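Visitor: give the three-dimensional model of this entry:
(2 chains)
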Amino acid sequence: MTDITVVGAGGEYMESVVVVEWHKKPGDMVAAGELVVTVETAKAATEIEAPASGVLAEVRAEVGQEIEVGGVLGVIADPAAMAARPAEDKPAAKPSETAAVAETSPVATRSASNGRVLASPLARRIAAQKSIDLSALTASSASGRIKLRDVEAYEARSEKAPAAQPPLAARPTDRSSGDSLHLTRRGAANGNTLVLLHGFGADSLSWQPLVAALGDSASIVLVDLPGHGRSAKPNGRPSIHGFAGNVAEALHGQGLDDVHLVGHSLGGGVALALAESGAIAIRSLTLLAPAGLGPEIDGAFVQGYARATRADSLRPWLLRLFADASIVTPGFVSTTLKARSSAALRDAQDELADAIFPDGTQATEFREVLKRLAVPLKIIWGEQDRIIPKRHAMHTGAAAALHFLPGAGHMPHVEDPVTVARLILQNVKAAL
Amino acid sequence: MAKLRYAEALNQALREEMQRDPSVFLFGEDIARYGGVFKVTRGLMDEFGEGRVRDTPISEQTLAAMAVTAAMTGTRPILEIMYADFMPLVLDALINQASIYEYLWNDVSMPFVLRTQGGGGAGAGAQHSKSLDSLVAHIPGLKVVAPVTPADAKGLLKTAIRDSQPVIFLEHKLLYNLRDDVPDDPDFTVEIGKARTVCEGADISIFATSRMVLESHKAAELLAADGISAEVIDLRSLRPLDLSAIKTSIAKTHHAVVVNEGWRFCGYAAELSATIMDHAFDDLDGPVARVTLPDMPVPYSEPLEMAVLPNAAKIADAARATLR
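Guide: All right, here's what the predicted structure looks like:
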């Protein structure tokens, strides 16, 4: 038996909380770390996770009830023990449910031992790509392991009821919308704020491996640039400076005016434009294969990628992004294709490509801006980048640290997220 | 295209290659006058003479040393070891000579083929039923093939004879009477290192070697009755392995069963399983299942022998378990 207690809620000024919602009912199986109950303080809602795996045996604080910090909200029991108890002792579990619980108990115990969710490597990879939190899923198979079908079922449910279960973030409080752009919050609740700006044709999800590598080392804000991911297409003719204005506005809307910036490719150009504008105080700047440091770019890639509507036409362009072709599995291609299934999004990006990279050329240049910046600067480039030449990093005249990553192409944050995370955090630390 | 038995297809390959290249010759126990215990070399002594088809005493160590030295000095010997169970007697020649001379001395090539047959299911007892695939597949510098169909038997043997590296050619005693279409074109060969898709499927990939390919095909039929669509891949070449075929199939089905008639611990199936995890981990939606002989001698008693050998029912069970 393990008590679910009010911990970590309320903060130092609060003595009690109010139960807002139980996410499990008595008799339900819960896994350690799974969300069981939401409580509210004067300031915010706090989600309380199961301290152990087992069956939710008892709910002691009903919705609306006030309870002291440290008090017991409910009890999680060992399923085997539950099954052994006489029927009248089991509050809400019908006899048939009890039998099922007893049968699956070894499975629950396995996932409980260290609190890690059991999932197949494929389910883990697809969930990470789609930013689905595995602990929000339930395994449908006797093995107790979350499989691809469970991720797909979760996604299908989420698509049907987007309000009830947002597909792209497990915890609704993680998400917020700027005035015009879609922002996603990840990582630590406080600390240094890292704002990540993705590249052309990508979206917030492309940061997933890096976000995982960064863990709780910073508070992370993922921005969907205009015409990308879940942000609307820009009004008027798109430009890098216009995008920087949109990003500044969205960050201001969240009260963020003092941040560490990370930009990849087009997002690197936007980061430089943002630095130039002075609209936001930038503590450090890390650029990954950034746009804006020279005229060359693979124009065929930009156009071909933006227009691809089928796996056959998308795959060759995806292969050009990475040094290691094995990253581009059929699953990766179909996931990318799915994210780009909207014709409106593709048209917007095609238009954007024409405005920002006319005739396959980088029309906007920021070398002078980079030279003037006095914050810690890092430029990271994959040795095998085939989209923007790495030599753009060499002659900027800026006091920037250069890092060339062997074995990486144009996507160092996907191909070597651990190294990129380490370098970003070094840059953040240098600013303190 | 003629329908030939597996043993006849091998015989045809030997005959064609001996006609094509006068440096090809055969030797082994009872292969000349008697035509081989499985009749693979029947008629060849009469056609090519005692000089090119030689009976030898029972001394596998000597035979292996003969193969190495004959290959080094400009001929293409084909040695038959009657039972794979006696492969340990030739391992020194394979491990310390055949597989490394080309590495030690640049101007040496080692074009010989060692044919042998293994496997259980014939009531041949613990000393004549083993599958020691992993013993030879373990050695860098050797190629190891194990054809299942008569056509592959012919095509792979011809390729093996023409290869400049030593090739270990693994046959199975229960395959010799298998009859199927075999191309009669003397230029027909099968590339070493390419797997063969036996049947396509969407839910699970079964990678099998030698006779276990036939059992896996039967398992696919059992699974189809349950609505499970299994893809069966005949690896054909144990080393080099067709990684691309393995990765492509798993990218489609996300589940794998590996089947080999040898022992489980440190066996060929263990190698396959680890290779899949090295190259396709993120495509796996379930654990890789292994179906092998248990770690014990093959019993002589028929019911006991049938109980321990891998078969279609065990393969289907393993597939269902990994799909759970």
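Visitor: neighbours around the nearest residue to residue A:288 once chain neighbours are set aside, how many?
Guide: Distances taken as Cβ to Cβ, 6 or more residues apart in numbering or on different chains put residue A:264 closest to residue A:288, at 4.2 Å, once the chain neighbours are dropped. Where you see a C-beta, it was placed from the backbone N, CA and C, and this is true even at glycine. Residues near residue A:264, counting by other Cβ atoms under 10 Å in any protein chain shown, number 31.
Visitor: chain A - how does it break down into domains?
Guide: A:2-112, A:117-170, A:173-430 (automatic domain parsing).
Visitor: could these be laid out in JSON lines, adding mean pLDDT?
Guide: JSON lines is the format used below for those (pLDDT from 0 to 100):
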{"stretch": "domain A:2-112", "mean pLDDT": "66"}
{"stretch": "domain A:117-170", "mean pLDDT": "77"}
{"stretch": "domain A:173-430", "mean pLDDT": "88"}
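Visitor: most packed of the ones you listed?
Guide: Compared across the domains of chain A, domain A:173-430 shows the largest average neighbour count, a mean of 20 (mean count of other Cβ atoms under 10 Å in any protein chain shown).
Visitor: give me the distance from that domain to the chain's centre.
Guide: 14 Å (Cα atoms, centre = their mean, to the nearest Å).
Visitor: isn't the residue nearest to residue A:288 right next to residue A:289, touching?
Guide: Yes: with contacts counted by Cβ atoms under 8 Å, residue A:264 reaches residue A:289, the gap being 6.5 Å.
Visitor: what sits against the spatially closest residue to residue A:397 that is not a sequence neighbour?
Guide: Spatial nearest neighbour of residue A:397, chain neighbours left out: residue A:371 (5.0 Å); criterion: Cβ to Cβ, 6+ apart. Taking Cβ atoms under 8 Å, 6 or more residues apart in numbering or on different chains as the contact definition, residue A:371 lies against A:396-398.
Visitor: got a list of contacts for stretch A:302-312?
Guide: A:200-201, A:313-314, A:316-318, A:330, A:333-334, A:337, A:340, A:346, A:349-350, A:352-353, A:357, A:360.
Visitor: mind doing that once more with 10 Å?
Guide: With contact meaning Cβ atoms under 10 Å, 6 or more residues apart in numbering or on different chains, stretch A:302-312 is reached by A:200-202, A:266, A:298, A:313-318, A:320-321, A:330, A:333-334, A:336-337, A:340-341, A:343, A:345-354, A:356-357, A:360, A:387.
Visitor: around chain B, which positions in the stretch 101-250 of chain A sit nearby?
Guide: The stretch 101-250 of chain A comes close to chain B at residues A:119-126, A:128, A:140-151, as judged by Cβ under 10 Å from any Cβ of the partner chain.
Visitor: inside strands: which ones of the residues you listed?
Guide: Judged by DSSP state E, the subset of those located in strands is empty.
Visitor: out of the residues you listed, which are inside helices?
Guide: A:121-126, A:128, A:148-151 (DSSP state H).
Visitor: which one of those sits closest to residue A:376?
Guide: residue A:128 (29.3 Å; Cβ to Cβ).
Visitor: strands along the stretch 151-300 of chain B, start to end?
Guide: B:167-172, B:179-182, B:196-199, B:204-208, B:230-234, B:237-239, B:256-263, B:289-293 (DSSP state E, counting those that start in this stretch).
Visitor: name the strands paired with the shortest one and say parallel or antiparallel.
Guide: Here the strand partners of strand B:237-239, with direction, are listed using DSSP bridges: strand B:143-145 (antiparallel).
Visitor: what about the partner strand, average pLDDT?
Guide: Averaging pLDDT along strand B:143-145 gives 98.
Visitor: cool, stretch B:68-86 as well?
Guide: 97.
Visitor: next: stretch B:129-136.
Guide: 97.
Visitor: alpha carbons of that stretch, as CSV, please.
Guide: What follows is stretch B:129-136 as a C-alpha-only set of coordinates in CSV (Å, rounded to 0.1, in the frame of the first residue of the first chain):
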residue,chain,number,x,y,z
SER,B,129,22.7,-34.9,-36.4
LYS,B,130,24.3,-31.6,-35.4
SER,B,131,24.1,-28.2,-37.0
LEU,B,132,27.4,-26.5,-36.2
ASP,B,133,26.8,-23.5,-38.4
SER,B,134,28.0,-21.0,-35.8
LEU,B,135,31.4,-22.7,-35.5
VAL,B,136,32.2,-21.9,-39.1
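Visitor: kindly check the end-to-end length of stretch A:17-37 for me.
Guide: 12 Å (Cα to Cα, to the nearest Å).
Visitor: is that stretch anywhere near chain B?
Guide: No: judged by Cβ under 10 Å from any Cβ, stretch A:17-37 makes no contact with chain B; its nearest approach is 17.5 Å.
Visitor: check which helix or strand residue B:63 maps to.
Guide: In this structure, residue B:63 sits in helix B:60-72 according to DSSP states H and E.
Visitor: cool, residue B:74 as well?
Guide: Applying DSSP H and E, one finds residue B:74 in no helix or strand.
Visitor: now the one 4 residues further on
Guide: Mapping residue B:78 onto the secondary structure by DSSP H and E places it in strand B:76-81.
Visitor: which helices and strands does that strand pack with?
Guide: The contact analysis (3 or more Cβ pairs under 10 Å, 6 or more residues apart in numbering or on different chains; DSSP states H and E) places strand B:76-81 against helix B:6-20, strand B:24-28, helix B:60-72, strand B:113-118, helix B:150-162, strand B:167-172.
Visitor: chain B contacts on the stretch 301-432 of chain A?
Guide: A:326-327, A:329-332.
Visitor: dump the residues you listed to TSV, plus secondary structure.
Guide: Shown next, in TSV, are those (DSSP: H, G, I helix; E, B strand; the rest coil):
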residue	secondary structure
A:326	helix
A:327	helix
A:329	coil
A:330	helix
A:331	helix
A:332	helix
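Visitor: check contacts around the residue most central in space within chain B.
Guide: Nearest to the mean C-alpha position of chain B, counting by Cα atoms, centre = their mean, stands residue B:146 at 1.7 Å. By Cβ under 10 Å, 6+ apart, the residues touching residue B:146 are B:118-119, B:131, B:133, B:137, B:152-153, B:156, B:168-172, B:175, B:208-213, B:234-238, B:260-261, B:268.
Visitor: are any of the residues you listed buried, and which?
Guide: Taking 16 or more other Cβ atoms under 10 Å in any protein chain shown as the criterion, what is buried in those is B:118-119, B:131, B:133, B:137, B:152-153, B:156, B:168-172, B:175, B:208-213, B:234-238, B:260-261, B:268.
Visitor: beyond the strand holding residue B:78, next helix or strand please.
Guide: That would be, after strand B:76-81 and using DSSP H and E, helix B:91-93.
Visitor: which residues in the stretch 51-200 of chain A form strands?
Guide: A:54-59, A:66-68, A:72-77, A:175-177, A:182-187, A:193-197.
Visitor: make JSON lines from those and add distance to residue A:32 to it.
Guide: JSON lines is the format used below for the strands of the stretch 51-200 of chain A (distance: least, Cβ to Cβ, whole Å):
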{"stretch": "strand A:54-59", "distance to residue A:32": "9"}
{"stretch": "strand A:66-68", "distance to residue A:32": "22"}
{"stretch": "strand A:72-77", "distance to residue A:32": "9"}
{"stretch": "strand A:175-177", "distance to residue A:32": "25"}
{"stretch": "strand A:182-187", "distance to residue A:32": "22"}
{"stretch": "strand A:193-197", "distance to residue A:32": "29"}
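Visitor: all set now, cheers.
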